[in-house]
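1. Model the following, please.
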Amino acid sequence: MLMNFFRKLMYGRYGSDQLSFFLLILYVILILLSGLPHLGILSWVALAVLLWDLYRMFSRRFDRRRAENARFLAMAGPAIRWVKMRRTIHRDKEHRYFRCPNCGQYLRVPRGKGKITVSCRNCGASFEEKS
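-> Sure thing, here's the model as predicted:
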């Protein structure tokens with residue numbers, strides 16, 4: 001019954017996206033920091049962030065919300081990709097990752113093969129690395 005209420009409430013509304021998730025995380029961080037001495041003003045900033053997030057989620061202007069999210073992803077995209085690549089490298093113990101010196105593409109090679117010649121699929125450059 002409660003789920004049905006939320007479905008009806010959100011029908012025709014924008015809902016959540018990556019920017020909404022980021023704003024929610026920012027809200028939690030600001031609320032936690034506002035508990036520190038001399039940082040009480042951050043609770044008002046956190047409230048403004050939360051209200052902006054709720055406004056975006058309940059908005060019916062899909063085109064504007066998508067444009068906002070696209071601008072956010074254009075700015076935060078490189079950082080997001082970097083974090084995901086670091087997590088992949090940390091978890092993958094069977095391969096080594098190298099960056100192509102020519103184009104910057106990440107290349108994955110098996111570990112323990114000694115000195116190997118790596119050729120980039122993107123630009124065709126070849127270079128020697130120790131795996």
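2. domains for the protein, by residue range?
-> Structurally, the chain divides into domains by automatic domain parsing as follows: 16-67, 91-131.
3. starting at the chain centroid, how far to the longest helix along the chain?
-> Secondary structure of the chain per DSSP state H: the longest helix is helix 62-91. Relative to its chain's centre, helix 62-91 lies at 4 Å (Cα atoms, centre = their mean, to the nearest Å).
4. cool, and stretch 33-52?
-> On Cα atoms, centre = their mean, the centre of stretch 33-52 falls 23 Å from the chain's centre.
5. swap in stretch 49-66?
-> On Cα atoms, centre = their mean, the centre of stretch 49-66 falls 19 Å from that of its chain.
6. Now do the end-to-end distance for it.
-> The first and last residues of stretch 49-66 sit 18 Å apart, counting by Cα to Cα, to the nearest Å.
7. The longest helix of the chain packs against which elements?
-> The contact analysis (3 or more Cβ pairs under 8 Å, 6 or more residues apart in numbering; DSSP states H and E) places helix 62-91 against helix 18-34, strand 95-99. C-betas here are computed from N, CA, C, even on glycine.
8. Name every sheet partner of the shortest one and say whether each one runs parallel or antiparallel.
-> In the sheet containing strand 95-99, the strands it pairs with under DSSP bridges are strand 106-110 (antiparallel).
9. what angle separates the partner strand from helix 62-91?
-> Orientation of strand 106-110 against helix 62-91 (axes from the mean of the first three to the mean of the last three Cα atoms, to 10 degrees) gives an angle of 30 degrees.
10. Tell me the buried residues in strand 106-110?
-> residue 107 (16 or more other Cβ atoms under 10 Å).
11. As a markdown table, the helices and strands packed on helix 62-91 with distance to residue 8 would be great.
-> A markdown table is the format used below for the helices and strands packed on helix 62-91 (distance: least, Cβ to Cβ, whole Å):
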| stretch | distance to residue 8 |
| --- | --- |
| helix 18-34 | 20 |
| strand 95-99 | 48 |
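12. before we move on, the earlier item: let me know the average pLDDT across the longest helix of the chain.
-> The average pLDDT within helix 62-91 is 94.
13. need the contact list for the residue most central in space within the chain.
-> Using Cα atoms, centre = their mean, the residue of the chain that lies closest to the mean C-alpha position is residue 80, 3.9 Å off. When contacts are counted by Cβ atoms under 8 Å, 6 or more residues apart in numbering, residue 80 touches residue 73.
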